[in-house]
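Asks: how would this look folded up:
(one chain, ligands or ions: 2)
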Amino acid sequence: MKRIVVTGGAGFIGSNFVKYILGLYPDYSVHVLDKLTYAGNMANLESCRGERNFSFQKGDICNKRDVDEACRNADWIVNFAAETHVDRSISSPQAFVETDVLGTYILLEAVKEFKIERYVQISTDEVYGSIDRGSFTEESPLNPSSPYAASKAGADLLALSSWTTYRLPVLITRSSNNYGPYQHPEKFIPLFITNALEDRQLPLYGDGLNVRDWLYVRDNCTAIDLILHKGKEGEIYNVGANEEKKNLDVVHLILAYLGKQESLIRHVTDRKGHDRRYSLNSSKLRKLGWKPEANFEKSLKQTVAWYTENVEWWKKIKGGEFQEYYRRHYDL
Ligand code: NAD
Ligand code: TYD
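Replies: Ligands and ions are numbered 1, 2, ... in the order given. Here you go, the predicted structure:
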């Protein structure tokens, strides 16, 4: 029996993780702390409502009172809460520094105060920056390109220093790009699927040859689960699927699955500071016993099917604040 606080549990990976844990460990309880920013969505947690071992608190990880209320009786904390979209971090970085850095600090203070047994910081491969050849290991230097990546790197350093200084039981996961159900349609794969479904243009940055290593969200959940239970305190674990794809190739697959024309692709001005390639060496985690199950083509097809079947879910999101953001950002 463990009481787990999941911050950011109403977002994409957090909500997948909450449902994964509740399904696998019926004797655990999960308490979600989430600010419900534009990226948080209670519809993602619909199936948890009313479950006896699930509770939800609307609150901010930057607010000590909210954090104390959530963590006072917790055994473990998994911190997904963050501002996460690179493009938004370029135009409005402040919220990234606040939530991703200050919020992590407030959580670490709670780990100290309430003697939390384990704290998992959900980080990203973007803290390493771009790599032309080879793959980053956990020892690679941090070289973040965007305000998002820099804020996440700051959080990692705070977490690691709290292990060195106070021996707080901190673990860090750095995963590559996730895809799957419930991802906000501002991100590349769901944006392109939903735009294609609406017969709208697909705004591909630059030459479209940037490479990302795509990790199916369920495989990330199994990785975090393993690290939470079996990982070593003070350690970092890379989580990559070895499914490196050029953006343009991903778009071709999406169009093929939907039976849509390539003429929907529109090359637009490149993102500032756009990392060319991400690549992770995850052998440390594989030695601990993790293996991704998903095959990219198959799981992408399933993801396309999920967005095709859940139009109401994403139409609601695309109809709100997103429209204004989209107009401002893309000029399409
Ligand atoms: P997301 O944007 O879908 O969800 C973020 C959640 O955090 C939302 O529910 C939001 O309401 C909540 N939140 C934001 N600010 C908050 C605050 N101040 N207090 C409490 N809650 C707050 O993000 P995601 O894609 O699910 O990513 C989750 C985590 O995984 C992030 O830490 C991100 O850096 C990391 N990550 C994501 C990916 C990816 O491909 N999506 C890859 C590697 C790492
Ligand atoms: P994104 O989903 O924003 O993830 P990240 O930047 O964190 O890797 O983008 C994935 C890739 O897709 C990245 O190379 C940028 C590219 N991209 C586009 O070409 N057009 C878009 O509209 C978006 C959102 C992303």
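Asks: and the residue of this structure nearest ligand 1?
Replies: residue 11 (2.0 Å; Cβ to the nearest ligand atom). Backbone N, C-alpha and C define where each C-beta goes, glycine included.
Asks: any idea how far that residue is from residue 201?
Replies: Here the criterion is Cβ to Cβ, to the nearest Å. By it, residue 11 lies 27 Å from residue 201.
Asks: Can you pick out the residue with more neighbours from those two?
Replies: Comparing residue 11 with residue 201 by other Cβ atoms under 10 Å, the one with more neighbours is residue 11, at 25 against 15.
Asks: residues touching the more buried one, list them.
Replies: In this structure, residue 11 makes contact with 34, 39, 40, 41, 44, 80, 81, 84, 184, judged by Cβ atoms under 8 Å, 6 or more residues apart in numbering.
Asks: Rebuild these as JSON lines, extending it with neighbour count and pLDDT.
Replies: Below are those laid out as JSON lines (neighbours: other Cβ atoms under 10 Å; pLDDT from 0 to 100):
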{"residue": "34", "neighbour count": "28", "pLDDT": "99"}
{"residue": "39", "neighbour count": "23", "pLDDT": "98"}
{"residue": "40", "neighbour count": "21", "pLDDT": "98"}
{"residue": "41", "neighbour count": "20", "pLDDT": "98"}
{"residue": "44", "neighbour count": "23", "pLDDT": "98"}
{"residue": "80", "neighbour count": "25", "pLDDT": "99"}
{"residue": "81", "neighbour count": "30", "pLDDT": "99"}
{"residue": "84", "neighbour count": "23", "pLDDT": "98"}
{"residue": "184", "neighbour count": "20", "pLDDT": "98"}
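Asks: With respect to ligand 2, which of those is nearest?
Replies: residue 84 (7.8 Å).
Asks: That closest one: what secondary structure?
Replies: Three-state assignment for residue 84 (DSSP: H, G, I helix; E, B strand; the rest coil): coil.
Asks: List the contacts of it.
Replies: Shown in contact with residue 84 (Cβ under 8 Å, 6+ apart): 11, 39, 148.
Asks: Name the residues of the stretch 51-200 of the chain found near ligand 1, please.
Replies: 60-62, 80-84, 99, 103, 122, 124, 152, 175, 177-178, 184 (Cβ under 6 Å from any ligand atom).
Asks: out of the residues you listed, which are inside strands?
Replies: Residues of these located in strands (DSSP state E): 122, 124, 175, 178.
Asks: residue ranges with poor pLDDT in the stretch 151-300 of the chain?
Replies: For the stretch 151-300 of the chain, no stretch is flagged by pLDDT under 70.
Asks: now the helices for it?
Replies: Secondary structure of the stretch 151-300 of the chain (DSSP state H, counting those that start in this stretch): helices at 188-197, 217-230, 247-258, 283-288, 296-309.
Asks: is any part of the fourth one close to ligand 1?
Replies: So that's helix 283-288. No: residues of helix 283-288 contacting ligand 1 under Cβ under 6 Å from any ligand atom: none, with a closest distance of 13.9 Å.
Asks: Can you give me the buried ones in that helix?
Replies: Within helix 283-288, the residues that count as buried by 16 or more other Cβ atoms under 10 Å are 284, 285, 286, 288.
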